[in-house]
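Peer 1: build me a structure from this.
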Amino acid sequence: MLIDKLLTFILLSSIISISSIKIQLKNLSLIRNNAKSKISFKEKNLTNFKKVDVIETGPIGCQEFTKQTFFAHRGGNINLFQENTQEIFLDSATKNLSIEMDIMQLATGEIVTFHDLDTFKKTGISHELKKTPWPEIRNLRLLQNMDEKLYLTKPKIPLLKDVLNTICLINNRINIWFDIKYYFNPNYIIRLLDDLENSPCACDSYQKFVFEIFKDTNTIKNVWKLMENRRCKLISAMSVYTFQNDLGIEKLKDEIKNYIEYADIIDFPISTVKKYPELLKFTYENGVCNSVYKENEEDIDNKLLDEIAKYPHVDMVIYDFIQ
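Peer 2: Numbering: from 1, shown residues only. Below you'll find the predicted structure:
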């Protein structure tokens, strides 16, 4: 009798497991079919971008973008999903959005998508990421109650390669803005390029990968060298920050002149654009793209987008995609 009950239990468990797998596969199939239809539509409507020959070294320039591109800040809809997680990237990819994400390199070389230098604020456990190996990070889960929001899940900190394998399977021409956090070494970019090239990402001239570093021209020159003979190319961005507004227009122009020699994109806070709108024309006339981003969490994105619409020569916008 006991053996019969045990066999029945095992049989029922197997049936439930198989049913669960079938449901998951069906859901994945629906996502992929939905994504394929979007990709097919996009391929037929490539007016968003024009195909250009990507040079091996040096700035690529503004010719890469022929229409305003909007990047979803920290991955997408932060009202529904935690920032920089697989869940938020998956949601944005199925909506055919361009994505901005924060990346950090661990002590063992892996790249993860995470904003802070230390994990304490978001996990309750302290690890300085650049000094921590992947085995100590892989099972950490984000706090469910975060930034005055209560999320449904407690996701893990994802590896960039896993994120790319997910979102590029759904849309292999998704545009991605990589915000490189806190420090840089050549292995960082080598690993980033490896992760891109080992993913389903198309890496063709219709797909844009931007990397952003603050005020570090040597890094950009190193990246040019590292991109030689690589299939995937990175477009360089350098940021202007709010505190630089106090420099005045002429000193800001001098700062930006140093950026222009190395960067394809100058990323402005909205306060700088409001104070010195002539900077957009200045950079544009020097063959560099302009991006605008919000500065404060309390900024309302509809208001931000209305403000940006007033200014010419804005090629990209980084904004919180909230629905």
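
Peer 1: okay but S239 is in contact with D267, surely?
Peer 2: Yes. The pair S239 / D267 is scored as a contact, 4.4 Å apart, by CB atoms under 8 Å. C-beta here means a position set from N, CA and C on the backbone, and glycine is covered the same way.

Peer 1: which one of the two is surrounded by more residues?
Peer 2: The neighbour comparison of S239 against D267 (other CB atoms under 10 Å) goes to D267, with 24 against 19.

Peer 1: just after whichever strand or helix holds that one, pick out the following helix or strand.
Peer 2: Assigned by DSSP states H and E, D267 belongs to strand 265-269. Next in sequence after strand 265-269, counting helices and strands by DSSP H and E, comes helix 270-275.

Peer 1: who touches the next helix or strand after that following helix?
Peer 2: As assigned by DSSP H and E, the chain's next helix or strand after helix 270-275 is helix 278-285. Residues outside helix 278-285 that contact it (CB atoms under 8 Å, 6 or more residues apart in numbering): 62, 249, 252-253, 256, 260, 266, 268, 272-273, 289-290, 311-314.

Peer 1: same check, this time on stretch 252-261
Peer 2: So stretch 252-261 is contacted by 215, 217, 238, 240, 244-245, 247, 266, 272, 276, 279, 282-283, 286-288 (CB under 8 Å, 6+ apart).

Peer 1: which elements pack onto the strand holding D267?
Peer 2: Secondary-structure packing of strand 265-269 (3 or more CB pairs under 8 Å, 6 or more residues apart in numbering; DSSP states H and E): strand 209-212, strand 235-239, helix 249-260, helix 278-285, strand 289-293.

Peer 1: 6 Å instead?
Peer 2: Where contact means 3 or more CB pairs under 6 Å, 6 or more residues apart in numbering; DSSP states H and E, strand 265-269 is packed against strand 235-239, strand 289-293.

Peer 1: off-centre distance for the first one?
Peer 2: What that stands for is strand 235-239. Centroid separation between strand 235-239 and its chain, computed with CA atoms, centre = their mean, to the nearest Å, is 13 Å.

Peer 1: elements contacting it?
Peer 2: Secondary-structure packing of strand 235-239 (3+ CB pairs under 6 Å, 6+ apart): strand 209-212, strand 265-269.
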